[in-house]
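>>> The sequence isn't on hand, but the structure is:
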């Protein structure tokens, strides 16, 4: 029995050695190429780079104040408009909220970058203020969210009418038909929209009802500048 086991083991060893010898005698198979074949390039020149006037990012990375709507002729300066030479820093902008401390923290989390403001007094006692709030938008699309939140709060009033801002996907302007004691018992209108990384806010106040057509036109002109 022991001899039979030894014979089987020797047979296996011999078979394995023979297999290695046969494999070693064969011509090695050619390996496939590691790189892919060169792809043919399209003929012709590539597209020309956009000009500064066409490139939206070049425009919004410049002086943000230049994108604000210009003061219409026949209007007066509004001393109540916040800002230092047309700029609103983070603290100044947060102070415009009813809870500045919370607004300051929220704006930091929302990647606030900078803000610009303009304003004027039209005929009578009607005042206009427009703000452009720009965000870095590294981790989130903040401008569209800020505009959506503002529209939500503006519409949360039974005495408010709203219309779309021309030239925008979801921008809206609102006219509040009841005087608001927070604004000296005056009437108020507002518009909220966004373009890229900029949220647009517009506020109109008057001692008498505000014509929707005027608010619509101001909002349309401001969005066209963006």
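All right, it came through fine. Only a predicted model underlies this, so the values are computations on that prediction, with no experimental measurement involved.
>>> what stretches of the chain score poorly on pLDDT?
Across the chain, the ranges flagged by pLDDT under 70 are 1-25, 32-59, 82-83, 182-185.
>>> just the strands in it please.
With DSSP state E as the criterion, the chain has strands at 76-77, 87-88, 112-121, 127-135, 160-164, 172-180, 186-195, 198-206.
>>> How many neighbouring residues does residue 133 have?
When neighbours are defined as other CB atoms under 10 Å, residue 133 has 26 of them. C-betas here are computed from N, CA, C, even on glycine.
>>> contacting residues around residue 129?
78, 81, 117-119, 202-203 (CB atoms under 8 Å, 6 or more residues apart in numbering).
>>> Contact partners for residue 100?
residue 94.
>>> Okay, it and residue 110: tell me how far apart.
15 Å (CB to CB, to the nearest Å).
>>> what two of the contacts of residue 129 have the greatest distance between them?
Across the contacts of residue 129, the longest distance by CB to CB is 13.2 Å; it joins 78 and 202.
>>> Overlap in contacts, the two.
In contact with both residue 78 and residue 202: 128-129, using CB under 8 Å, 6+ apart.
>>> which of the two has more neighbours?
residue 202 (22 against 16).
>>> what residues are up against that one?
Taking CB under 8 Å, 6+ apart as the test, what residue 202 contacts is 128-131, 173, 190-192, 215, 218-219, 222.
>>> What is the nearest of the residues you listed to residue 140?
For the contacts of residue 202, the nearest to residue 140 is residue 192 (18.2 Å; CB to CB).
>>> How many residues are close by that closest one?
Considering only other CB under 10 Å, residue 192 is surrounded by 26 other residues.
>>> which ones are touching it?
So residue 192 contacts 147, 150-151, 154, 171-173, 199-202 (CB under 8 Å, 6+ apart).
>>> Which two of those residues have the greatest separation?
For the contacts of residue 192, and using CB to CB, no pair is farther apart than 173 and 199, which are 14.4 Å apart.
>>> residues contacting residue 178?
Neighbours of residue 178 in contact, by CB under 8 Å, 6+ apart: 157, 159, 187.
>>> Show me which of those are buried.
By neighbour count, with 16 or more other CB atoms under 10 Å, the contacts of residue 178 hold residue 187 as buried.
>>> And the helices in this protein, which stretches?
2-25, 56-60, 90-94, 100-109, 142-155, 212-225 (DSSP state H).
>>> Please report how far the spatially most central residue of the chain lies from residue 90.
Residue closest to the average C-alpha location in the chain (CA atoms, centre = their mean): residue 197, at 3.3 Å. Per CB to CB, residue 197 is found 16 Å from residue 90.
>>> again with residue 196
Applying CB to CB to residue 196 and residue 90 gives a distance of 20 Å.
>>> Also residue 119?
Here the criterion is CB to CB. By it, residue 119 lies 19 Å from residue 90.
>>> the more surrounded of the two?
residue 119 (21 against 15).
>>> Residue 86 versus residue 181, what's the distance?
Residue 181 is 30 Å from residue 86, by CB to CB.
>>> Name the residue in those two with the higher neighbour count.
residue 86 (15 against 8).
>>> Setting aside sequence neighbours, what's the nearest residue to the more buried one?
residue 65 (4.2 Å; CB to CB, 6 or more residues apart in numbering).
>>> Pull the contacting residues for the one you found.
86-87, 116, 118.
>>> May I ask which two of the residues you listed are separated the most?
Maximum distance among the contacts of residue 65 (CB to CB): 10.8 Å, for 87 and 118.
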